[in-house]
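Participant: next one to model:
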Amino acid sequence: MAAIPYDLIFEILSYLPSKTLMRFRTVSKKFNSLITDPRFSRLHHRRSRDRLFALSAISKHRGSDSLDLRIFLTDENNETIHEFTRCFYKDRVNRIIGSNHQLLCFVLDNSLSLYDPINRDFLELPSPSPRRVRSPHSVSFGFVDSTMQYKVIRWYLSHGSNLVFEVLTLTVTRGCRLEISPWRLSEKHCPYLLRHSSPPVHVDEYVYWRSYDSQIVSFSLPDETFSVLSRPPCLSTKNQRLENVREFMLYGIRGKLWLVDCDNLEQAVDIWTRSDERSSNWIKVHRVGVFSERLAYTRSPFEMLDIHRDFVLFRLLHPNVVMYYDAREKTTRGTEELRGELQLCHYVDGLLSLKNVFYS
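Facilitator: Residues are numbered from 1 along each chain as shown. Here you go, the predicted model:
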């Protein structure tokens, strides 16, 4: 090792999977010091973002007070790593939120939990301020690469120009430890009210949502400031008739912001994305025909699960089936009707362990 430049070792190890690196930490003190260096964690994260893993979860109720969640973990080649079933008693899993990093956030009826898919560990997070536990709210979860911090945000229902929210910060420290700070209450000016029926989505270091007046609002996780994005051409119409039959949803998938515009009259959806994360220009990527007898009578009947190059995976809500669209062949194939609720999100390899946590 003494004959090999330190920077070269640093570079080579950054391409290895986390489980291999965990074994390497026991080789020597130098290897352990290198792998637990925050600079190495940041470089390993950047390398890992090119190799996305996927978590698919199908929930099925078992009686009136329990729910079985069947979880499948697959690699970038769609090969199954492992699968298992976890039972949630008297607590329903409402959403599973990815962070473009290692950890996922499980939003349950009565609590929030972190999940590490690599080591299959769960960690229940501290409760927010007692007087707000039962308040109507939405949850966001994201990772700030520049500060190596996860942030969990609870957005509360607002009736004025100020938006009240609570932030839980989880900082990755030396030794790949996770430091959890107390919940912090904040209130900032934001005239665009959050639609709780359209959950916020996370892309890189921003959270996006649709406001009640159909604006696209962004929230910077590092600065905790608000701004408004320009909308794609399909939403710039002043035609009231078109406004009544168009519904759009936002998605954060594979590190990009996507907008799905549902055209109920044409029984089709248009999929848009921005040409660059710093650009205000939107590009229409696909137009997918969705043939459903209930489409013309349903708001947002389409849920996009994944999109990669020329392929789109989506779910029709009526009926509850998963569809696969191939843009090269302009074909759509479906599956049998689902007997449960399907959720899908992506994560990347990482060096954290939920057993190595402390509270500040």
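Participant: tell me the centre residue of the chain?
Facilitator: Per Cα atoms, centre = their mean, the C-alpha nearest to the average position across the chain is that of residue 98, at 3.1 Å.
Participant: OK, contacts around that residue?
Facilitator: If you count contacts by Cβ atoms under 8 Å, 6 or more residues apart in numbering, residue 98 has them with 55, 104, 141, 202, 252, 345, 346, 347. Backbone N, C-alpha and C define where each C-beta goes, glycine included.
Participant: from residue 304, how far out is it?
Facilitator: 14 Å (Cβ to Cβ, to the nearest Å).
Participant: ok, now residue 348?
Facilitator: 20 Å.
Participant: ditto for residue 75
Facilitator: For residue 75, the distance to residue 304 - Cβ to Cβ - is 21 Å.
Participant: and the lengthiest helix in the chain, what does it pack onto?
Facilitator: Longest helix in the chain, counting residues (DSSP state H): helix 38-48. Applying 3 or more Cβ pairs under 8 Å, 6 or more residues apart in numbering; DSSP states H and E, one finds that helix 38-48 makes contact with helix 6-13, strand 162-173.
Participant: using JSON lines, lay out those together with mean neighbour count and mean pLDDT.
Facilitator: As requested, the helices and strands packed on helix 38-48 are exported to JSON lines (neighbours: other Cβ atoms under 10 Å; pLDDT from 0 to 100):
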{"stretch": "helix 6-13", "mean neighbour count": "12", "mean pLDDT": "87"}
{"stretch": "strand 162-173", "mean neighbour count": "18", "mean pLDDT": "91"}
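Participant: let me have those in TSV, extended by distance to residue 280.
Facilitator: Converted to TSV, these look like this (distance: least, Cβ to Cβ, whole Å):
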stretch	distance to residue 280
helix 6-13	36
strand 162-173	23
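Participant: keeping just the C-alphas, turn stretch 3-22 into PDB.
Facilitator: Extracted in PDB, the C-alpha atoms of stretch 3-22 (Å, rounded to 0.1, in the frame of the first residue of the first chain):
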ATOM      1  CA  ALA A   3       4.000   2.200  -2.900                       C
ATOM      2  CA  ILE A   4       0.600   3.200  -4.300                       C
ATOM      3  CA  PRO A   5      -0.300   6.900  -4.200                       C
ATOM      4  CA  TYR A   6      -2.900   7.700  -1.600                       C
ATOM      5  CA  ASP A   7      -5.100   9.600  -4.100                       C
ATOM      6  CA  LEU A   8      -5.100   6.600  -6.400                       C
ATOM      7  CA  ILE A   9      -6.300   4.300  -3.600                       C
ATOM      8  CA  PHE A  10      -8.900   6.900  -2.800                       C
ATOM      9  CA  GLU A  11     -10.100   6.900  -6.400                       C
ATOM     10  CA  ILE A  12     -10.200   3.100  -6.800                       C
ATOM     11  CA  LEU A  13     -12.000   2.400  -3.600                       C
ATOM     12  CA  SER A  14     -14.700   4.900  -4.400                       C
ATOM     13  CA  TYR A  15     -16.000   2.600  -7.200                       C
ATOM     14  CA  LEU A  16     -16.500  -0.400  -4.900                       C
ATOM     15  CA  PRO A  17     -19.900  -1.400  -3.300                       C
ATOM     16  CA  SER A  18     -20.500  -0.500   0.300                       C
ATOM     17  CA  LYS A  19     -20.500  -4.000   1.600                       C
ATOM     18  CA  THR A  20     -17.000  -4.600   0.200                       C
ATOM     19  CA  LEU A  21     -15.800  -1.300   1.800                       C
ATOM     20  CA  MET A  22     -17.200  -2.300   5.200                       C
END
